[in-house]
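J.: What follows is a predicted structure for the sequence shown.
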Amino acid sequence: MLIKVYGSAVFGIEATTIVIEVNVDRGIGYHLVGLPDNAIKESNFRIAAALQNIGFKIPGKKITINMAPADLRKEGSAYDLPLALGILAASDQIKSKNIADYLIMGELSLDGSVQPIKGALPIAIKAQEEGFKGMILPEANAKEAAVVDGLCVYGVNNIEEVIAFFDTEKPLDQTTIEVEHEFNRLSDYPEFDFSDVMGQETIKRCMEIAAAGGHNIILIGPPGAGKTMLAKRLPSILPPMTLQEALETTKIHSVLGKVNNMGLMNQRPFRSPHHTISSAALVGGGSYPQPGEISLSHNGVLFLDELPEFERRVLEVLRQPMEDREVTIARAKYAVTYPSSFMLVASMNPSPGGYFNDPDAPVTSSPAEMQRYLGKISGPLLDRIDIHIEVTPVPFEKLSDQRKGESSLDIRKRVISARKIQSHRFSQIDWVHYNAQMGTKLIRKHCVLDEPCKTLLKNAMQRLNLSARAYDRILKVARTIADLEGNDNISQAHISEAIQYRSLDREGWLG
């Protein structure tokens, strides 16, 4: 008897429906075809033990299973549940009248319990698109899949529940969540708040500008000046994610199984990889490509602490994703594309010893040592960072001041106002939402300068020997500063402030 059960495979952040055809006939043997990997080939041992422990068995007949499309590589243990149900239905041990109406995924333990899977959200989206009546998957993934409207999602803890559902029509509990409620869950009291930072008003201003326009920023300063402390508080002033951004972010984290039954992710991600990270872990890769840290930072912040300590070849892989806001990982037979629209926040010491031009410093470095240290970061990479700012140590008077600084919530209000201006400005363009995403044409359209501004910028370009890319970055930052002030036009003050945030272009830094 031939039975068809439906599962799904995830490639990149998109799912493809897999038809599991199970045929039980006279003879003896177990044949699993359709490019399964080792985890799927081993499933017959898990299935046999699980069925035996709940009172069923694999029939002693010839079992042929095809996973179509047969030329598409399948991987992982999430096909255990549909394979087991297909075998039971094809051997007439359970009824199968409406089994094809449901998309089924889950890994089996030897006692018949169902373990979590990866990629539940993209699979649920695909099931809804293809008109399945419902989806059956592990209880631990049910909230994640229930985000999708128009699809009945059933979370199960044991294969016996699924068997009873099909065989005796015992109903399963449907998982439902209020998407708007999940999306609007937002803490008004962030763990890291800018009110904890003493002094550093100039740096706070830079962080506000970076958050308002989505600009990349690098902090340069001696140890203990507060670079890491400031960076960790940046997410607290970023605007809330839109529903579309929340879905995109959740899909990426779902592929790696990092959603943890929380439903929809409503907080912008903050990723801080160690400087020993490999280029594959940062950008994504592997035999079966998986998203890396830059994709896990999508719609959030990627923080690279002690930037010169990262291997240069690792940093260089950032250049293309920072421009294109996506990364494509190619293999011999296919390629997958992951979105990677992130804010890069980097920090670094100005020299190996951590101090620069400070006669009272405990450790000093020669100019040659400092140049070698800064030379670990390429000019093209620094060009792609909009804001360079020096962080100086906080004096004792500021550290001992008992007064609280401005809170993240107050700064966030101004950031949200500026983002609203940008959202209205780019409302007709699907792929641009804030100033940092502007291309050359949009810069020329929305960053028009009068003659005094042009003269000021021309003098800065000639004096600092700035590149064409740095020119564009200055215009973007100036546009954001104007938006924060609610001005339609860019003034000389905006241009001057934006130029000040190019510290590493000034004489005495990179030669």
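T.: Everything's here; your move.
J.: Poorly predicted segments of the stretch 401-511 of the chain, please.
T.: Low-confidence segments of the stretch 401-511 of the chain, defined by pLDDT under 70, span residues 505-511.
J.: now the helices: where do they sit in it?
T.: Here the stretch 401-511 of the chain has its helices, by DSSP state H, counting those that start in this stretch, at 408-425, 440-446, 451-464, 468-484, 492-500.
J.: and residue 368, which of those is closest to it?
T.: For the helices of the stretch 401-511 of the chain, proximity to residue 368 was assessed by CB to CB; helix 451-464 is nearest, at 22.9 Å. C-beta coordinates here come from the backbone N, C-alpha and C atoms, glycine included.
J.: Show me what counts as buried in that closest one.
T.: Of the residues in helix 451-464, those scored as buried under the neighbour-count criterion (16 or more other CB atoms under 10 Å) are 453, 456-457, 460-461.
J.: taking the mean pLDDT, what do you get for whatever helix or strand residue 397 lives in?
T.: With elements delineated by DSSP states H and E, residue 397 resides in helix 396-399, which encompasses its position. Taken as a whole, helix 396-399 has an average pLDDT of 73.
J.: pull the CA atoms of it into PDB?
T.: Coordinates of the C-alpha atoms in helix 396-399 are reproduced here as PDB (Å, rounded to 0.1, in the frame of the first residue of the first chain):
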ATOM      1  CA  PHE A 396      37.000  61.700  38.700                       C
ATOM      2  CA  GLU A 397      34.500  64.600  39.000                       C
ATOM      3  CA  LYS A 398      32.200  63.000  36.500                       C
ATOM      4  CA  LEU A 399      32.600  59.400  38.000                       C
END
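J.: From what I see, residue 337 and residue 11 are in contact.
T.: No - judged on CB atoms under 8 Å, residue 337 makes no contact with residue 11 at a distance of 10.1 Å.
J.: related to what we said a few turns ago, which of the helices of the stretch 401-511 of the chain sits most buried?
T.: The highest mean neighbour count among the helices of the stretch 401-511 of the chain belongs to helix 468-484 (a mean of 23), with neighbours defined as mean count of other CB atoms under 10 Å.
J.: Run through who's touching that helix.
T.: 208-209, 212-213, 215, 383-387, 414, 417-418, 421-422, 435-436, 438, 440, 443, 446-447, 449, 457, 460-461, 466, 488-491, 494-495, 497-499, 501-502, 505 (CB atoms under 8 Å, 6 or more residues apart in numbering).
J.: Repeat that for stretch 436-443.
T.: Under CB under 8 Å, 6+ apart, the answer for stretch 436-443 is 213-216, 325, 341, 343, 386, 426, 429, 431-432, 446-447, 472, 475-476, 479.
J.: 10 Å - rerun?
T.: Stretch 436-443 has contacts (CB atoms under 10 Å, 6 or more residues apart in numbering) with 210, 212-216, 322-323, 325, 341, 343, 386, 422, 425-426, 429, 431-432, 435, 444-447, 468, 471-473, 475-477, 479-480.
J.: how many other residues sit next to residue 244?
T.: 11 (other CB atoms under 10 Å).
J.: Pull out the buried positions in the helix or strand harbouring it.
T.: Secondary structure from DSSP H and E places residue 244 in helix 243-255. With burial defined by 16+ other CB under 10 Å, the residues of helix 243-255 counted as buried are 245-255.
J.: And for stretch 163-174?
T.: Within stretch 163-174, the residues that count as buried by 16+ other CB under 10 Å are 163-167, 172.
J.: Next: stretch 13-24.
T.: Going by neighbour count (16+ other CB under 10 Å), the buried part of stretch 13-24 is 13-15, 17-18, 20-24.
J.: shaky segments in the stretch 151-300 of the chain?
T.: Residues of the stretch 151-300 of the chain that meet the cut-off, pLDDT under 70, sit at 182-190, 261.
J.: hey, where'd the helices end up in it?
T.: 159-167, 179-183, 201-213, 227-232, 243-255, 279-283, 293-296.
J.: circling back to that earlier point, which pair of the buried residues of stretch 163-174 spans the longest distance?
T.: 167 and 172 (12.6 Å).
J.: List the contacts of the residue lying closest to residue 212 once chain neighbours are set aside.
T.: The shortest distance from residue 212 to any non-neighbouring residue, by CB to CB, 6 or more residues apart in numbering, is to residue 418 (4.0 Å). Residue 418 makes contact with 208-209, 211-213, 239, 434-435, 479-486 under the criterion CB under 10 Å, 6+ apart.
J.: got the buried residues of helix 243-255 as a markdown table, with distance to residue 103 columns?
T.: Rendered in a markdown table, the data for the buried residues of helix 243-255 read as follows (distance: CB to CB, whole Å):
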| residue | distance to residue 103 |
| --- | --- |
| 245 | 26 |
| 246 | 23 |
| 247 | 19 |
| 248 | 22 |
| 249 | 23 |
| 250 | 19 |
| 251 | 17 |
| 252 | 21 |
| 253 | 21 |
| 254 | 15 |
| 255 | 17 |
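J.: What is the nearest of these to residue 138?
T.: residue 254 (13.0 Å).
J.: For the closest one, list the residues it contacts.
T.: Taking CB under 10 Å, 6+ apart, we find residue 254 in contact with 10, 13, 117-125, 141, 144-145, 147, 265.
J.: And the pLDDT at the residue lying closest to it once chain neighbours are set aside?
T.: Spatially, and ignoring its direct neighbours in sequence, residue 254 is nearest to residue 121 (4.1 Å; CB to CB, 6+ apart). In the predicted model, residue 121 carries a pLDDT score of 95.
J.: Ok, the one 4 residues further on next?
T.: Predicted confidence (pLDDT) at residue 125: the value is 96.
J.: neighbours around it, how many?
T.: Count around residue 125 with other CB under 10 Å applied: 21.
J.: same deal with residue 368?
T.: Here the neighbour count serves as a burial measure; for residue 368 (other CB under 10 Å) it reads 8.
J.: so which helix or strand takes in it?
T.: Take DSSP H and E as the rule and residue 368 turns out to sit in helix 367-374.
J.: As CSV, could you dump the C-alpha coordinates of that helix?
T.: Taking only C-alpha atoms (Å, rounded to 0.1, in the frame of the first residue of the first chain), the coordinates of helix 367-374 have been written out as CSV:
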residue,chain,number,x,y,z
PRO,A,367,54.8,55.4,16.4
ALA,A,368,55.9,52.4,14.4
GLU,A,369,54.2,49.9,16.7
MET,A,370,51.0,52.0,16.6
GLN,A,371,51.0,52.0,12.8
ARG,A,372,51.5,48.3,12.6
TYR,A,373,48.6,47.9,15.1
LEU,A,374,46.2,50.1,13.2
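J.: next structured bit after that helix?
T.: Proceeding C-terminally, helix 367-374 gives way to helix 379-383 as the next helix or strand, assigned by DSSP H and E.
J.: Which helix or strand lies directly C-terminal to that following helix?
T.: Heading C-terminal from helix 379-383, the first helix or strand you meet, by DSSP H and E, is strand 387-390.
J.: Give me the distance between that following strand and the centre of its chain.
T.: Taking the mean C-alpha point of strand 387-390 and that of its whole chain, the gap between them comes to 25 Å (CA atoms, centre = their mean, to the nearest Å).
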